[in-house]
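Enquirer: Coordinates for the following, if possible.
(2 chains)
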Amino acid sequence: MLHRTARTALVIALPLVALGCMTGHLAGSVSAEMPAPIAASPEPLGQIVGMRRLTEAQYRNAIADIFGPDIIVAGRFEPIVRPAHQLIATGAAAASISPAGLEQFDAIGRGIAAQVFDPAHRATFVPCTSKSAAQPDDDCVRATLLPIGRYLFRRPLTNGEQAAYVRMASEATTRSGDFYAGLQLALGAMLVSPDFLYVIESAEPDPARPGEMRLDAYSRAARLSFFLWNTTPNDALLRAAAEGRLADPAQLAAVAQHMVKSPRLEAGVRAFFADMLMFEKFDDLAKDPIVYPRFNQDVAKALPEQLLRMIVDQLVTRDGDYRDLFTTRRTFMTRALGPIYNVPVVSRTGWEPHDFAATDDRAGLLSQAGFLSLYAHSGRSSPTLRGRAIRERLLCEPVPDPPGNVNFAVVQDTTNAVLRTARARLSAHASDPTCAACHRITDPIGLPLERFDGIGAFRAKENGVDIDVAGKLEDANFTGADGLGKALAGNPATTECVANRALEYATGKATDDQADLLAALDKGFAADRYRLPALMLRIASLPGLYEIHRAPAPASPVASSPATGAITGANR
Amino acid sequence: MTISRRTALRGVMNGAAIAVGLPLLDIFLDVNGEAMAATGPAKGAPLPIRFGTWFWGLGVNPPRWFPDKIGADYDLKVELAPIKAFQHRINVFSDFSIPLDGKPNLPHTSGGVGIRTGMAPAADGGLPAPSFDVLIGDQIGTRSRFRSLEISSTGDPRNSLSGRGNGNLNPSEVSPTALYTRLFGPGFIDPNSANFTPDARVMARRSVLSGVTDQRKAFEARLGASDKQRLDQYFTSVRQLENQLDVELTKPQPMVGCVVPRRPPERDINAEIENVMTNHQIMSDLLVMALACDNTRVFNMNFNNGASSLTRIGSTITHHQLTHEEPLDNHLGYQPQVTFFVDKIMEAWAYFVGALDGVKEGNGTLLDNCLVFAHSETEFAKFHTIDNIPMMTAGSASGRIKTGIHVAGESTPVSRVGLTLQQVMGVPVDKWGSGSLETNKSISEILA
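Expert: Alright, predicted model coming up:
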């Protein structure tokens, strides 16, 4: 499942506008006027220091940007395994491609290639007329594949690669007697190449640190583009790389600033939160139809989108304080969600803004039905699952698994005549000291959400008894979702956690050995009044983000200053 | 076998004008390919031997499942009763252990991963080492159209215990229609069709893939050790794709059991038990035909996932939650709602074995030419116990193993099972597993 807005509006084929809103859509730049000849990448290419498999969203975004949104990407993507307590972005840096996965990538790639060179599209992408419809024409193949290859591989092709792909196309044309069939096959090959399926990060000597390495210019362009926009670098960014502008920290920061100001930042922010909040769990979210007859597929589809709309509105559109995400009363509604929230929705289709009343207990991200239903059972709420999700996803505090031999009988029995609420059942259960240790850290932040059932609908009573929504986070006592949101907003771990995740997301590496850098980042985040775009810019501009460190972090505290904070690669 | 390899190669070349018939060639290179059958695919040619796994989550009620009697003619307890018709072709394994060497017992992870990789995992999230089905696939699956097929009946492509390690998994097919298209859509060649014309477009694709492989050297020169392993896995996948095209370019051998099935209807994909039962049946039938048509020789069927997300209409919590929260019924001595799911799972397992047995092959059935390893990831899920995890094999791998036996492991490491099955399937390995799971002791009781 993908969680993004339609990108039609973003793909505007204007070749030379300011970098910030530049799209790099090939369909425009090629047909409008031939770009300056692309210099081949020098051979050999630099040493590979990282390989991050494209996510499904990145793949789709890249294809839409390069070939236009009307090219259909049909097929299933091999999922990337999420490492425990980490991001999929980190899993992507260790992901391989299985035979079944490659079979799918091959089918998807052939489907794309067939569309790109079909009679309806080929004029857009083939800037020349082949000498013959049935014969190879190496010059025309070269003129077609070089610009495409530069976008797909995020750098110009080397001379060797150019020759190889031209040869593939020519041989296939000879075999099939069809010039476009040759182009199709060569493009299909590019689309299954590791150069496309992996974001390959390569290194060059670092003049500022003799004997050390740094990410080369094109790897920097890709890192910026996937981190901030969740898509492949556009023409302007690739030119910035070619002209050496990304090697200089000040110029790189200026480029990053343009990118953060672009409307495309929204796609980047969406992808980041979909990863941080484990949106892959929405793929198999199911509710019991007898217990929750109001829950259906339209609701299930709207839930992640509602969360993302709230996040984007608060953090991007309003450039607001991250902490306010947990207290804001502004959200968005669509028809399907009306019955869940019990609010009228005027728009027949699409989304409309909605403000919860100040007297309503709904406030902030945690009172959205998406969060509440994702962290609940199929037929009832779960203060423990919700509390655990808040700890692990939003405060970055892993909660241990329950011990093996637990008696849950009392929690399960929702018809218990004496213990009629989840709070009563959980407190009976947690009187066992081995259970109490963990329930103490989860339940007091899950119970304040108990007025929302397993699909996030409001209820005042459970089994006829008023629900007590008192809660506690560290030393703060509060009541209800509103109180919980304020407590999270006031907790320093909340902002530290998102900064930590953003750094992990940018690098594809766990941040365990980055304490100094994280402390510096959080300080900067505070100075920026906890605005997320500023945090992303701060991370994208860290010189240390582009340094390669071969040795594991030294035992003594990191020598580099917090401002430049090097990203040590423990696995290098 | 009197035919020399040279004769065989020449015969093959004469038979197929386009490419060497690799599936045939396989036969002559495989010293263990002894499954000669009078009415085999081609006169005198042995039938392929297949290996697969059938996984289910959350174990059983041990006293109601494990036989008391060790050895042949074991007794069938109530939860194992569904296999009655196939008892003499099914082995049951009890009392094998998974020593963790101080690593945590990761609920619903340590058991399944330990059995399949011979290694206790340190953390959740993917496999720490290759699963042995992949190692067997490297031996017997490299020349068929699909190196292996992974399937999950509960709708989650991440539900898989198969992979090459480093945290990666072979993703599972979850949709009956998508599985059908993959198996019997474009690219499928009916082995019993009289006509065979190699497709020029496939030849062109094949040649282009060689171009992809040609880039390997340039890549390797740029790589460090950790990424090299991943690139190796990538190129193994490319090799498999090339192989798939080679198969499409080769006139297949007739397979008497191969009957191209009909396309199944579009279906809901979710974890509701009755829907899962039906999807499992449809996908089992498709898989069985893929085996009968010799499109794959290795498979991994996952009925449900480890921390089972199976649901039942009207129940407020999943199968997994039930195992922990449902009280033991004092009168019955077990958890009745959990046991409902155990019974369904065993019913599904019996269906699967029956589906393999329904295809006539040689003097017996497809089941006889298979070795299917069925296992769970816990013994008794309420307590997450991982010693004495229920395991079975079905089929004799064309007579390579004895069947109808209950083997008691007497607390020896469970890796003995993985070691033995690899050896039976021709993997040259005399020692397997890590730490206390390392073993060189095969299970001699079942070796023919």
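Enquirer: show me what contacts the closest residue to A:I63 other than its chain neighbours?
Expert: The shortest distance from A:I63 to any non-neighbouring residue, by C-beta to C-beta, 6 or more residues apart in numbering or on different chains, is to A:V73 (5.3 Å). (Each C-beta comes from the backbone N, C-alpha and C, glycine too.) By C-beta atoms under 8 Å, 6 or more residues apart in numbering or on different chains, A:V73 lies in contact with A:59-60, A:63-64, A:108, A:111-112.
Enquirer: Throw those residues into CSV and include distance to A:F196 and secondary structure, thanks.
Expert: CSV is the format used below for the contacts of A:V73 (distance: C-beta to C-beta, whole Å; DSSP: H, G, I helix; E, B strand; the rest coil):
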residue, distance to A:F196, secondary structure
A:Y59, 9, helix
A:R60, 13, helix
A:I63, 10, helix
A:A64, 15, helix
A:I108, 11, helix
A:G111, 15, helix
A:I112, 11, helix
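Enquirer: and the gap between the residue of the stretch 101-250 of chain A found nearest chain B and B:V212?
Expert: Residue nearest to chain B within the stretch 101-250 of chain A (C-beta to the nearest C-beta): A:L102, separated by 3.8 Å. Between A:L102 and B:V212 the distance is 10 Å, computed by C-beta to C-beta, to the nearest Å.
Enquirer: Need the residues touching each of these two.
Expert: Counting by C-beta under 8 Å, 6+ apart, the residues touching both A:L102 and B:V212 are A:192, B:238.
Enquirer: show me where pLDDT drops low in the chain?
Expert: All of this refers to chain A. Counting by pLDDT under 70, the ranges of chain A that qualify are A:1-37, A:402-417, A:550-572.
Enquirer: That was the other one, I meant chain B.
Expert: Looking at chain B by pLDDT under 70, you get B:1-45.
Enquirer: Residue of it closest to chain A, please.
Expert: For chain B, C-beta to the nearest C-beta, closest residue to chain A: B:T316, 2.7 Å.
Enquirer: Over to the nearest residue to that residue once chain neighbours are set aside: give its phi and psi.
Expert: Excluding the flanking residues, the one nearest B:T316 by C-beta to C-beta, 6+ apart is A:G379, at 2.7 Å. In terms of degrees, to the nearest 10, the main-chain angles of A:G379 are phi -130, psi 10.
Enquirer: Any idea how many residues pack against A:G379?
Expert: Close neighbours of A:G379, defined as other C-beta atoms under 10 Å in any protein chain shown, add up to 22.
Enquirer: Check B:K251 too.
Expert: B:K251 has 20 nearby residues by other C-beta under 10 Å.
Enquirer: doesn't B:T197 make contact with it?
Expert: No: B:K251 is beyond contact range of B:T197, at 9.3 Å (criterion: C-beta atoms under 8 Å).
Enquirer: Now do the contacts for residue 130.
Expert: Just so you know, I chose chain A. For A:S130, the contact set (C-beta under 8 Å, 6+ apart) comprises A:137, A:140, A:179.
Enquirer: think we crossed wires, I meant chain B
Expert: Residues in contact with B:P130 (C-beta under 8 Å, 6+ apart) are B:117, B:163-165.
Enquirer: and the two most separated of those residues?
Expert: B:T117 and B:R164 (10.3 Å; C-beta to C-beta).
Enquirer: Residues that sit against both of these two, list them.
Expert: Joint contacts of B:T117 and B:R164 (C-beta under 8 Å, 6+ apart) are B:127, B:130.
Enquirer: any idea how far the residue nearest to A:G109 when sequence neighbours are not counted is from B:Q215?
Expert: In space, and not counting its chain neighbours, A:G109 is closest to A:L191: 3.1 Å by C-beta to C-beta, 6+ apart. Separation of A:L191 from B:Q215 (C-beta to C-beta) stands at 14 Å.
Enquirer: Show the contacting residues for the residue nearest to B:T316.
Expert: A:G379 makes contact with A:287-288, A:290-292, A:454, B:315-317, according to C-beta under 8 Å, 6+ apart.
Enquirer: Next: B:P104.
Expert: B:P104 makes contact with B:S110, according to C-beta under 8 Å, 6+ apart.
Enquirer: Mind jotting down where the helices sit in the stretch 301-450 of chain A?
Expert: Under the criterion DSSP state H, counting those that start in this stretch, helices of the stretch 301-450 of chain A are mapped to A:338-341, A:369-374, A:383-389, A:409-412, A:422-429, A:433-446.
Enquirer: Tell me which helix or strand B:V134 sits in.
Expert: helix B:132-140 (DSSP states H and E).
Enquirer: Ok, B:V276 next?
Expert: helix B:273-292.
Enquirer: Where neighbours are concerned, which of the contacts of A:G379 has the most?
Expert: B:I317 (25 neighbours).
Enquirer: before we move on, what SS does that one have?
Expert: Following DSSP: H, G, I helix; E, B strand; the rest coil, we place B:I317 in the coil state.
Enquirer: From B:M346, how far off is it?
Expert: With C-beta to C-beta as the criterion, B:I317 and B:M346 are 22 Å apart.
Enquirer: ok, now B:L47?
Expert: 29 Å.
Enquirer: picking that back up, just the contacts of A:S130: which are in helices?
Expert: A:140, A:179 (DSSP state H).
Enquirer: got the contacts of A:S130 as CSV, with distance to chain B and neighbour count columns?
Expert: Below are the contacts of A:S130 laid out as CSV (distance: C-beta to the nearest C-beta, whole Å; neighbours: other C-beta atoms under 10 Å in any protein chain shown):
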residue, distance to chain B, neighbour count
A:D137, 17, 21
A:C140, 18, 19
A:F179, 13, 26
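Enquirer: Output the contacts of A:S130 as CSV; include the columns distance to A:E43.
Expert: Output for the contacts of A:S130, formatted as CSV (distance: C-beta to C-beta, whole Å):
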residue, distance to A:E43
A:D137, 25
A:C140, 24
A:F179, 28
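Enquirer: which residue sits closest to the most centrally placed residue in chain B, ignoring its sequence neighbours?
Expert: In chain B, the centroid-proximal residue (C-alpha atoms, centre = their mean) is B:G52; its distance is 2.3 Å. Leaving aside its chain neighbours, B:G52 sits nearest to B:F299 (3.8 Å; criterion: C-beta to C-beta, 6+ apart).
Enquirer: then the helix or strand harbouring B:Q244 to CSV, C-alphas only?
Expert: Assigned by DSSP H and E, B:Q244 belongs to helix B:225-248. The C-alpha trace of helix B:225-248 is given here as CSV (Å, rounded to 0.1, in the frame of the first residue of the first chain):
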residue,chain,number,x,y,z
ALA,B,225,32.8,-7.8,1.9
SER,B,226,29.4,-7.2,3.4
ASP,B,227,27.9,-5.8,0.2
LYS,B,228,29.6,-8.4,-1.9
GLN,B,229,27.4,-11.0,-0.2
ARG,B,230,24.3,-9.1,-1.1
LEU,B,231,25.5,-8.6,-4.7
ASP,B,232,26.1,-12.4,-4.9
GLN,B,233,22.5,-12.9,-3.8
TYR,B,234,21.4,-10.5,-6.5
PHE,B,235,23.3,-12.3,-9.2
THR,B,236,22.0,-15.6,-8.0
SER,B,237,18.6,-14.2,-8.6
VAL,B,238,19.6,-13.0,-12.1
ARG,B,239,21.0,-16.5,-12.8
GLN,B,240,17.6,-17.9,-11.8
LEU,B,241,15.8,-15.5,-14.1
GLU,B,242,18.1,-16.6,-17.0
ASN,B,243,17.4,-20.1,-16.1
GLN,B,244,13.7,-19.5,-16.3
LEU,B,245,14.1,-18.2,-19.8
ASP,B,246,16.3,-21.2,-20.7
VAL,B,247,13.5,-23.5,-19.6
GLU,B,248,11.0,-21.5,-21.7
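Enquirer: Around chain A, pick out the residues from the stretch 301-448 of chain B.
Expert: B:309, B:311, B:313-318, B:321-322, B:324-327, B:382-385 (C-beta under 8 Å from any C-beta of the partner chain).
Enquirer: Give me the buried entries from these.
Expert: B:309, B:311, B:315-318, B:321-322, B:324-326, B:382, B:384-385 (16 or more other C-beta atoms under 10 Å in any protein chain shown).
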